[in-house]
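Peer 1: need a structure here:
(chains A and B)
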Protein chains: 2
Amino acid sequence: MICEILAVGTELLMGMIANTNAQYISRRLPEAGAGVYYHSVVGDNPDRIKLNLKIASDRSNIVIITGGLGPTKDDLTKEIVSEFLGRKLVLNKIILEKIEGYFKSLDRTMTDNNRKQAYFPENSIIVENPNGTAPGCIIEDNGKTFILLPGPPSEMIPMMDQSVIPYISKKCGGEIYSKFVRLFGIGESSMEKEIIHLIEHQSNPTIAPYVNEGEITLRITALAKTPQEAEDLMKPLLDELYKKLGVYIYTIGNEDLKAITCRLLMENDIKISTAESCTGGMIASNITEIPGISKIFGMGIVAYSNEAKIDLLGVKASTLDDFGAVSSQVAEEMALGVLNRSESDIGISVTGIAGPDGGTAEKPVGLVYIGLAYKDGIHKIVKSKKFIFKGERQKIRIMTALNVFDIILKYIKSRYSIEEGKQS
Amino acid sequence: MICEILAVGTELLMGMIANTNAQYISRRLPEAGAGVYYHSVVGDNPDRIKLNLKIASDRSNIVIITGGLGPTKDDLTKEIVSEFLGRKLVLNKIILEKIEGYFKSLDRTMTDNNRKQAYFPENSIIVENPNGTAPGCIIEDNGKTFILLPGPPSEMIPMMDQSVIPYISKKCGGEIYSKFVRLFGIGESSMEKEIIHLIEHQSNPTIAPYVNEGEITLRITALAKTPQEAEDLMKPLLDELYKKLGVYIYTIGNEDLKAITCRLLMENDIKISTAESCTGGMIASNITEIPGISKIFGMGIVAYSNEAKIDLLGVKASTLDDFGAVSSQVAEEMALGVLNRSESDIGISVTGIAGPDGGTAEKPVGLVYIGLAYKDGIHKIVKSKKFIFKGERQKIRIMTALNVFDIILKYIKSRYSIEEGKQS
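Peer 2: Numbering: from 1, shown residues only, chains lettered A, B, ... in the order given. Okay, here's the model as predicted:
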């Protein structure tokens, strides 16, 4: 099956965004048994969209079109595909009701241009969009498949995962089984060096690395007739991954470092509180992304200034004077301070220099101390760890937050003898 | 001048990398007076490269081809372009010497396949590559321009900046001027309804909307000979935009809502502190993304539990009992509480129900109160505003944070009589 991705959107031709949709789809399609041979991008221009549709359908079996499903006049994909295939656009009443319901729930009047989103080329299969008002659709036409998806990645990706990949893999014969092996604490090239022999000789299962802000996920995909066959196909590869990279693997599954850490905190009823300087609330914000987290998270303190460290966390002025705000001593007093102040089981703290200014030879930009305080019977224990991160301000903050979750996860696993992730 | 970007490389079709080269080139070309109408990507396959070259040269004046200039067997771009144009590949001795010198300086032996990099289609203009061994070239052929550049962005970008942009702008004679009009508080379709007459009749200047998490940017682009001519062309359109959408326009320029708010806080030395419940640190984290912000931000409190609201912010237990944690009364006590606790000029607070659980008929998921407390002489003033946001937990939190910045920005502008953005 030859597949082609056609992205519609002037914002791509203006260079406002990169075509990450094409990248994502290209990564996923081989798992479903389809190969991507071409990408193309065209603006919101009817003639040029038509021209590219013609080119694509002449040379490919499956044409995936992203973008142009919104409510505005610029959004033309359905109209042009209909015209190209000689089909009428027909109203889908169920979708219309959903869109109307959406606006009613917002207490806003639906405009006529939103009605447009309920029209589809005749005999389309609707692809539901749980994260927006623009559903997609699949059209089978003369042995060619046209798949229309919205442009925003937050809408396109779930639709791809939930509807399109299963549809295409059924077309290609066979089913797709995937596992996600999740790693933290190793860089991309070191990881690749360890498993290059596996990457170079992959066929079934396949192995594909995804890197996302400090975390690496290896997606292992087997094409098989039954779940058991898939398990059997994957086992030798998983064993080899554990042999080479086991120390960095924190789970096999869909949860990232933040999600798994917060789930284990909740499951084990471990109350946590945070004291942040350079991350400025990012760790608390990450924790409170998780629904139901109020069970174990009650307070966080962003102590950016020295005064706030003293007033809110009880850090001693003399510690600040003697060692400076960015020091293991201050990190430890911050962690203990927030543990004392809250009714928590763990207090976590961060102090560092996120830059771009404020660094010195002795204390460079990227220097961060993470503190961990916890109760051990009637005692309180506190530890800290020093890091030096490279990169820009926001990257340093994100790497700090990730390492906080790594430290908490390791603490929970060792303290509560939890062995997560050996199997999904 | 119609320009098209053809990227050659199987790694793009495998989704290993995104086509950021196309994005970079697309951003730069309009400045040189050329418009990018198409992107395409093809693998390292002679027939498919030739097919795409034919398509591209039929419809575009300038074809920029990235990738495939390396020393390996896979790198075929120059060979195929030569064949396509019916030109011989000829050795460029100066380049050969440079490549030999490069290897000598590394104390490495040059292999035969590196010699390949010194061959170019007859009558090419060489584009020097200061960061690698693969020079590019420009070929003028029958009124069409073919520009070949290497794939690695670290090599391609400097060649684009130093050689290609000047070459193309000389060809085009004319320049592109852009302004970004930034709006908040209006949805995409309502915005379009207001200015549909402008969008439908655009020519020069053009108007293009971009939507990013609650914020809308309109890019106004004029093609002109001088900056003054561009200003004159844009003025009637900008006047019309202010007439229709003025109340939503918060600036003209490159800064988003968060960046401009923080800049004005710093410029006017307005100290701020935050008291967050449902956003759980996101607002403090957004504020501390900005370098140098410690000048005006010293502390933030994440008071997720009622106990934290009482202990850290001085919210009265009776207020929590009488009105509930999600109420205007609690929002106001939180804002006043953090203002009292800190040495700030503004205290901002948030309390709400981010969901997915915790909503009731009376207080649904998405209900949020934002509080603003500030000093007015010896008095302290506090206000609050009610919002109902739709969507998932994280979307509600993000919309809350954006509205906090909107409230702060409006407060600064009215209090300090700042008129931002009327002109860029």
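
Peer 1: Surely A:Phe103 touches A:Arg115?
Peer 2: No: using Cβ atoms under 8 Å, A:Phe103 is not in contact with A:Arg115, being 10.6 Å away. C-betas here are computed from N, CA, C, even on glycine.

Peer 1: Show the residue spans covered by the helices in the stretch 101-250 of chain A.
Peer 2: All helices of the stretch 101-250 of chain A, identified by DSSP state H, counting those that start in this stretch, fall at A:112-115, A:153-159, A:165-172, A:188-200, A:227-245.

Peer 1: Spell out which residues of the stretch 251-400 of chain A are next to chain B.
Peer 2: Contact residues (Cβ under 8 Å from any Cβ of the partner chain) of the stretch 251-400 of chain A with chain B: A:274, A:276, A:278-285, A:287-289, A:291-294, A:297-305, A:307-308, A:311-312, A:341-343, A:354-357, A:393-394, A:397.

Peer 1: Quick check on those residues: which are buried?
Peer 2: Buried members of those, scored by 16 or more other Cβ atoms under 10 Å in any protein chain shown, are A:274, A:276, A:278-285, A:287-289, A:291, A:293-294, A:297-305, A:308, A:311-312, A:341-342, A:354-355, A:393, A:397.

Peer 1: Filter those residues down to the ones in helices?
Peer 2: Taking DSSP state H as the definition of helices, those contribute A:Met282, A:Ile283, A:Ala284, A:Ser285, A:Ile287, A:Ala308, A:Asp311, A:Leu312, A:Arg341, A:Arg393, A:Arg397.

Peer 1: for these, which one is nearest B:Leu53?
Peer 2: Proximity of those to B:Leu53 (Cβ to Cβ) peaks at A:Arg393, which lies at 43.3 Å.

Peer 1: residues contacting the closest one?
Peer 2: A:Arg393 is in contact with A:Ala354, A:Gly355, A:Pro356, B:Glu289, B:Pro291, counting by Cβ atoms under 8 Å, 6 or more residues apart in numbering or on different chains.

Peer 1: and the residues you listed as a markdown table, adding distance to A:Leu12 and pLDDT?
Peer 2: Converted to a markdown table, the contacts of A:Arg393 look like this (distance: Cβ to Cβ, whole Å; pLDDT from 0 to 100):
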| residue | distance to A:Leu12 | pLDDT |
| --- | --- | --- |
| A:Ala354 | 32 | 95 |
| A:Gly355 | 32 | 91 |
| A:Pro356 | 31 | 92 |
| B:Glu289 | 26 | 96 |
| B:Pro291 | 30 | 95 |
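
Peer 1: What's the separation between the residue nearest the centre of chain A and chain B?
Peer 2: Closest residue to the average C-alpha location of chain A: A:Asn212 at 7.2 Å, with Cα atoms, centre = their mean. Noted for A:Asn212: a distance of 13 Å to chain B, by Cβ to the nearest Cβ, to the nearest Å.

Peer 1: For that residue, name its beta-bridge partners.
Peer 2: A:Glu215 (DSSP bridges).

Peer 1: same check, this time on A:Ala222
Peer 2: Under DSSP bridges, the beta-bridge partners of A:Ala222 are A:Tyr177.

Peer 1: Can you check what pLDDT the model gives it?
Peer 2: The model reports A:Ala222 with a pLDDT of 86.

Peer 1: That one: how many residues sit nearby?
Peer 2: Using other Cβ atoms under 10 Å in any protein chain shown, A:Ala222 has 23 other residues around it.

Peer 1: circling back to that earlier point, closest one of the contacts of A:Arg393 to B:Asn129?
Peer 2: A:Pro356 (30.0 Å).

Peer 1: Might you report the residue contacts of the closest residue to the closest one other than its chain neighbours?
Peer 2: Computed as Cβ to Cβ, 6 or more residues apart in numbering or on different chains, the closest residue to A:Pro356 that is not its neighbour in sequence is B:Pro291, at 5.5 Å. Listed by Cβ under 8 Å, 6+ apart, the contact set of B:Pro291 reads A:Gly355, A:Pro356, A:Asp357, A:Arg393.

Peer 1: quick one, what contacts the second one?
Peer 2: A:Pro356 makes contacts with A:Val365, A:Glu392, A:Arg393, B:Pro291, as judged by Cβ under 8 Å, 6+ apart.

Peer 1: Would you reformat the contacts of A:Arg393 as a markdown table and include distance to A:Arg27?
Peer 2: Below are the contacts of A:Arg393 laid out as a markdown table (distance: Cβ to Cβ, whole Å):
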| residue | distance to A:Arg27 |
| --- | --- |
| A:Ala354 | 32 |
| A:Gly355 | 33 |
| A:Pro356 | 34 |
| B:Glu289 | 29 |
| B:Pro291 | 34 |
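
Peer 1: Would you mind giving the domain segments of chain A?
Peer 2: With domains defined by automatic domain parsing, chain A comprises A:2-172, A:175-252, A:257-415.

Peer 1: Out of those domains, which is closest to B:Pro46?
Peer 2: B:Pro46 lies closest to domain A:2-172 among those, at 13.5 Å (Cβ to Cβ).

Peer 1: How far off centre is the closest one?
Peer 2: How far domain A:2-172 lies from its chain's middle: 22 Å, per Cα atoms, centre = their mean, to the nearest Å.

Peer 1: gap between the two ends of it?
Peer 2: For domain A:2-172, the first-to-last residue distance is 11 Å (Cα to Cα, to the nearest Å).

Peer 1: need the strands for the stretch 51-200 of chain A, in chain order.
Peer 2: Taking DSSP state E, counting those that start in this stretch, the strands of the stretch 51-200 of chain A run over residues A:62-66, A:89-91, A:119-121, A:125-127, A:136-141, A:144-149, A:175-184.

Peer 1: looking only at pLDDT, what's the mean for the last one?
Peer 2: Taken as a whole, strand A:175-184 has a mean pLDDT of 87.
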